[in-house]
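>>> Next come a sequence and a model predicted from it.
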Amino acid sequence: MDPARSHNPNSSYQNPQSAYRRHRDAGGRNHSENKRSRPNHHQYQSGPTPPQNPRSSQELSTRRELYERDFPVYKQPVEVGCFSLDSERRFFNDSRRMKYYVEPDRNPNFDLKDGYKDRYIRRDESEKEKLDHILRWILANKSKLSSKVTTASSCALDFDFVTWRGHLTKLLTTPYETREGWLLAVSRFRGTLYISEVETEAARREQESRTERHKEMMYWGYKFEQYTCADDVHSSPDPGGVVNTNEAFCTVVQTRLADHRLLFSGEVDCRDKDPNAPAPPACYVELKTSAEICTPKQRSNFHRFKLLKWWAQSFLPGVPRVVAGFKDEEGVVVTVDTFPISKISQLIKNEQNCWKPTVCMNFCCDFLSFVKQIATEDNPSVVYLFSWEPRRDVTFSIHRDSQYSFLPHWFVEEMTSSHDSHRQP
Ligand code: 0WD
Ligand code: CA
């Protein structure tokens with residue numbers, strides 16, 4: 001277990017010095033829309049919400065130095081459920097798309113290019129699913145999630161935050177990110193804060209201008225999964241099959257970061273097929289591909305950039321290891337290596353100016369506190385849009401009944417009626 005996890009008396013949460021600042025800003029620009037046009041904002045359709053205090057603006061700094069303090073409490077994540085998405089992206093409240101890891105040779109020579117032209121079905125990325133699958137999972141499991149204490153508090157769920165693991169990964173890496181900003185939409189509904197990503201203008205342009213080579217390289221990662229995963233405990237991988245990126249198996253975990261109770265879901269590539277392996281999420285394996293490392297400079301970059309992303313993504317749900325296929329320029333996996341997540345912080349110790357897990361976790365924790373403080377109106381059609389660009393502070397704007405609203409009616413209605421029926425005698 002990672003020594004930084006909770007149960008370690010030395011890692012108890014220190015009350016943070018607040019990294020958010022209040023300062024005067026004549027326009028109160030971050031409380032209302034269109035006061036300052038940001039390149040990654042779409043045209044707003046709704047009218048601006050009048051600022052509560054037109055002379056103050058609140059921002060959250062992302063400077064690393066502010067987050068170098070003791071590691072916050074991060075409870076061991078517990079799997080509370082899972083779901084699957086089939087080849088047509090249909091939701092199932094079960095593990096039917098779970099796969100089993102079959103350890104490859106150390107030097108397997110897997111050809112990742114194979115099947116790109118004729119055995120590849122790609123998910124339609126223009127279909128923005130937002131939190132829908134997680135919300136479906138919540139409805140399917142609401143009897144085991146509803147608050148046991150239905151007192152004066154209007155909390156229907158015992159969680160402060162519901163989101164995708166991928167969104168939390170972006171938060172963890174923000175203090176070290178120099179290229180890609182983000183937009184996170186937040187709505188408060190029955191006391192829980194739902195966080196859903198909005199595509200930035202830059203990301204949309206990047207996607208539209210992808211080269212053929214880039215598109216093919218995106219396939220390589222999925223092809224590596226096909227070489228190393230089997231559909232059943234006793235079967236073998238089938239490299240002759242079709243790669244369909246609609247299919248997914250997702251874990252749903254519950255944990256706590258300082259005083260933030262979190263429920264999030266993340267896609268899991270496969271599990272250890274040994275029946276004596278530990279219970280989920282400890283039996284899960286994350287698969288990655290990366291360019292072969294030939295020079296000290298490449299090794300240093302791998303430690304500074306790749307391992308940060310790999311660590312953040314798997315540490316969050318408690319996935320203990322990453323299996324990496326190192327590929328040459330032709331898309332052939334030349335070496336396979338396993339990286340235990342708990343060893344990554346030692347691996348990077350000799351890098352100058354390297355990333356620190358504590359900075360990642362403390363920034364995420366402070367961002368969640370910032371969100372709690374800002375997103376106060378409990379209304380599923382109100383969106384607090386948090387926005388960040390590298391070398392800037394996190395800012396926000398507020399949107400009512402806009403294109404940003406993301407909690408669907410079917411979810412709001414079913415949560416509302418079930419909540420009320422709980423209160424009936
Ligand atoms: O529609 C969207 N913009 C998003 C969809 C944003 C974020 C997530 N999702 C959905 C995806 O449909 C996917 O089923 O969430 C699921 C994955 O969620 P996650 O685990 O929170 O995401 P992340 O940790 O970023 O990615 C995990 C894996 C990726 O593996 P690698 O090894 O590349 O990190 O999920 C896959 C990918 O295999 N993945 C996606 N698959 C389909 N559509 C997407 C996506 N947009 N993003 C990641
Ligand atoms: Ca993966």
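Done, it's in. Ligands and ions are numbered 1, 2, ... in the order given.
>>> alpha carbons only for contacts and neighbour counts from here, please
OK.
>>> Now do the phi/psi pair for the residue positioned nearest the centre of the chain.
Most central in the chain under Cα atoms, centre = their mean is Gly166, positioned 1.6 Å from the mean C-alpha point. For Gly166, the backbone dihedrals (degrees, to the nearest 10) come out as phi -60, psi -30.
>>> show me the contacts for it.
Under the criterion of Cα atoms under 8 Å, 6 or more residues apart in numbering, the contact list for Gly166 reads 266, 313.
>>> any idea how far ligand 2 is from it?
When distance is defined by Cα to the ion, to the nearest Å, Gly166 is 12 Å away from ligand 2.
>>> Mind pulling up the pLDDT for that residue?
Per-residue confidence at Gly166 stands at 98 (pLDDT).
>>> go on, the one 10 residues further on?
Residue-level confidence at Tyr176 comes out at 98, pLDDT.
>>> Just give me the neighbour total for the closest residue to it other than its chain neighbours.
The spatial neighbour of Tyr176 that comes closest, neighbours along the chain excluded (Cα to Cα, 6 or more residues apart in numbering), is Trp355 at 7.0 Å. Neighbourhood size, Trp355 [other Cα atoms under 10 Å]: 21.
>>> Could I get the contacting residues of Trp355?
Applying Cα under 8 Å, 6+ apart, the residues near Trp355 are 176, 304, 308.
>>> who in the stretch 251-400 of the chain is up against ligand 1?
266-267, 287-288, 313 (Cα under 6 Å from any ligand atom).
>>> Go again with 8 Å.
If contact is defined as Cα under 8 Å from any ligand atom, the residues of the stretch 251-400 of the chain in contact with ligand 1 are 264-269, 286-289, 310, 313.
>>> Of these, just say which sits nearest to Trp182.
When these are compared for distance to Trp182, the smallest value, 16.4 Å, is given by Gln313; criterion: Cα to Cα.
>>> and that closest one, helix, strand or coil?
Reducing the assignment to helix, strand or coil with DSSP: H, G, I helix; E, B strand; the rest coil, the entry for Gln313 is helix.
>>> That one against Thr173, yeah?
No - applying Cα atoms under 8 Å as the test, Gln313 and Thr173 come out as separate, 9.5 Å apart.
>>> where does this protein have its least confident helix or strand?
strand 20-24 (a mean of 44; mean pLDDT, DSSP states H and E).
>>> Which strand or helix spans whichever residue of the stretch 201-350 of the chain sits closest to ligand 1?
Per Cα to the nearest ligand atom, the residue of the stretch 201-350 of the chain with the smallest distance to ligand 1 is Gly266, at 3.2 Å. Taking DSSP states H and E as the criterion, the element that holds Gly266 is strand 260-267.
>>> can you check Gln298 too?
Assigned by DSSP H and E, Gln298 belongs to helix 296-301.
>>> Which single residue of the stretch 301-425 of the chain ends up nearest ligand 2?
Val322 (8.5 Å; Cα to the ion).
>>> on that earlier part again, check the secondary structure at the residue nearest to Tyr176 for me.
coil.
>>> how close does it sit to Val319?
Trp355 is 20 Å from Val319, where distance means Cα to Cα, to the nearest Å.
>>> Now do the helix or strand hosting Lys144, average pLDDT.
Per DSSP H and E: Lys144 is located in helix 142-145. Regarding helix 142-145, the rounded mean pLDDT is 88.
>>> which element follows it toward the C-terminus?
Scanning forward in sequence from helix 142-145, with DSSP H and E defining helices and strands, the next element found is strand 161-164.
>>> ok, and what's touching that following strand?
Judged by Cα under 8 Å, 6+ apart, the contacts made with strand 161-164 from elsewhere in the structure are 131, 134, 192-196, 260-266.
>>> now, among these, which is nearest to ligand 2?
So of these, ranked by how close each gets to ligand 2 (Cα to the ion), first place is Gly266, at 10.6 Å.
>>> Report the contact partners of that closest one.
By Cα under 8 Å, 6+ apart, Gly266 lies in contact with 164-166, 250-252, 317.
>>> Equivalent analysis for Tyr100, please.
Neighbour list for Tyr100: 229-233, 270-273 [criterion: Cα under 8 Å, 6+ apart].
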